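**Q** below are the sequence and a predicted model; questions follow.
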Amino acid sequence: MLMASIAGIIAAFVIFPHVLYKYGAEARAGGMITIGWDAFNNLSSWIYHPRTSDKLGSSFAAGGMLFTFFLAIMRRKFIWWPLHPAGYAIAFSIDDFWFTILISSVIKR
C-alpha cells in the first residue's frame, strides 16, 4: 500500500503538469486553475472589507467544544456512558458518512 501510494504521488507530479502544458489548463483540467484564486480572493475581500468578530458564532463554537469535552470526560469516567464525542462531531456531516458508519458498525457487531 505504501509503495502504491508513493508510485501514485510520483506519477501525479509527472503526469499532471505534462497534461496541463500539452492540452491547456482550462481545456482539460476542469477549472483547476481557479483553485489558487479562491484563497487570494478571500484574503483580498477580508483586507478590503474587514468584518467584526462574530461573537454569537464564537460562543456557539466554544459551547460545542465544552460539550465535547464533557462527553469525553463522561465517557472516560463511566463505562456505561453511551455517547461518544466523535459521534457529536460526525452528527453534523452524517449525510456524507452514514453508509461508512453503518458498514463499520455491522463489521464490529
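**A** Everything's here; your move.
**Q** how far away from the center of its chain is stretch 14-21?
**A** Centre-to-centre, stretch 14-21 and its host chain are 27 Å apart (C-alpha atoms, centre = their mean, to the nearest Å).
**Q** right, I mislabeled it, should have said stretch 10-28
**A** 26 Å.
**Q** just the C-alpha atoms of it, please, in CSV.
**A** Extracted in CSV, the C-alpha atoms of stretch 10-28 (Å, rounded to 0.1, in the frame of the first residue of the first chain):
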residue,chain,number,x,y,z
ILE,A,10,5.3,10.4,-8.2
ALA,A,11,3.0,9.7,-11.2
ALA,A,12,0.7,12.6,-10.4
PHE,A,13,3.7,15.0,-10.1
VAL,A,14,4.9,13.9,-13.5
ILE,A,15,1.7,13.5,-15.4
PHE,A,16,-0.4,16.4,-14.2
PRO,A,17,2.0,19.2,-15.3
HIS,A,18,2.5,17.4,-18.6
VAL,A,19,-1.2,17.3,-19.3
LEU,A,20,-1.7,20.9,-18.3
TYR,A,21,1.1,22.1,-20.7
LYS,A,22,0.1,19.8,-23.5
TYR,A,23,-3.7,20.3,-23.6
GLY,A,24,-4.1,23.6,-21.7
ALA,A,25,-5.2,24.1,-18.1
GLU,A,26,-8.7,25.4,-18.8
ALA,A,27,-9.5,22.8,-21.5
ARG,A,28,-8.5,19.6,-19.7
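**Q** so which bits of it are buried?
**A** For stretch 10-28, a neighbour-count test (16 or more other C-beta atoms under 10 Å) marks residue 20 as buried. C-beta here means a position set from N, CA and C on the backbone, and glycine is covered the same way.
**Q** in the protein, where is pLDDT below threshold?
**A** Applying pLDDT under 70 to the chain picks out residues 25-36.
**Q** where do the domain boundaries of it fall?
**A** The record's domain split for the chain, according to automatic domain parsing, is 2-48, 55-108.
**Q** show me the residue at the heart of this structure, geometrically.
**A** residue 93 (10.3 Å; C-alpha atoms, centre = their mean).
**Q** and that one, how far from residue 13?
**A** 31 Å (C-beta to C-beta, to the nearest Å).
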